[in-house]
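**Q** Give me the fold of what follows.
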Amino acid sequence: MPLPITDTGKPPWSVAKDMTPTFKIECTPQGNCQVVVVQGSMSNETHLQAKEALLELLAGNPTRILLDLGELTYISSSGLGLLVAMFRRCRQRGISLPLCGLRSDIRELFKVTRLDQVFEIFADQATALNGYGAGEGTPPRVG
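**A** The predicted model follows:
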């Protein structure tokens, strides 16, 4: 699915994109960080749409990408695989890719799969952006 063209002069990833009735990604710049809010269910059917949106975001060569998963209600194994693949791509390009706002069930999934050892995970967007978004280092992680 191609990204919408905007007449606002903003990059196409700065607008909300409805993927399905139960899945949405919204990307907006905050300082030197692109904040990506993921809403709904990242299932086997929607993870490819998420991949397309994230690859389009990477094409803009951001310095940092913060994935806010606070409104993510479900993530399939394909969705987890996508996050790991995006982490690798970002690391190869020197782009930070922390996560924030994980619900308790999603956080538990990250612990069971040990992905909490791979990703920096913060309690919420404000904590992740406090200092981090300004390029002043990384705030404390959520354990």
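
**Q** Look up the pLDDT of the closest residue to residue 86 other than its chain neighbours for me, please.
**A** Excluding its sequence neighbours, the residue lying closest to residue 86 (CB to CB, 6 or more residues apart in numbering) is residue 54, at 5.4 Å. C-beta here means a position set from N, CA and C on the backbone, and glycine is covered the same way. Here, the pLDDT recorded for residue 54 equals 92.

**Q** Buried residues, the helix or strand in which residue 88 is found. List them.
**A** Taking DSSP states H and E as the definition, residue 88 sits inside helix 77-93. If you call a residue buried by 16 or more other CB atoms under 10 Å, then helix 77-93 has these buried ones: 78-80, 82-83, 86-87, 90.

**Q** how about those residues in JSON lines, adding pLDDT and distance to residue 122?
**A** Below are the buried residues of helix 77-93 laid out as JSON lines (pLDDT from 0 to 100; distance: CB to CB, whole Å):
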{"residue": "78", "pLDDT": "93", "distance to residue 122": "24"}
{"residue": "79", "pLDDT": "94", "distance to residue 122": "19"}
{"residue": "80", "pLDDT": "95", "distance to residue 122": "19"}
{"residue": "82", "pLDDT": "95", "distance to residue 122": "20"}
{"residue": "83", "pLDDT": "96", "distance to residue 122": "15"}
{"residue": "86", "pLDDT": "96", "distance to residue 122": "17"}
{"residue": "87", "pLDDT": "96", "distance to residue 122": "15"}
{"residue": "90", "pLDDT": "95", "distance to residue 122": "16"}
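
**Q** Fine by me, thanks again.
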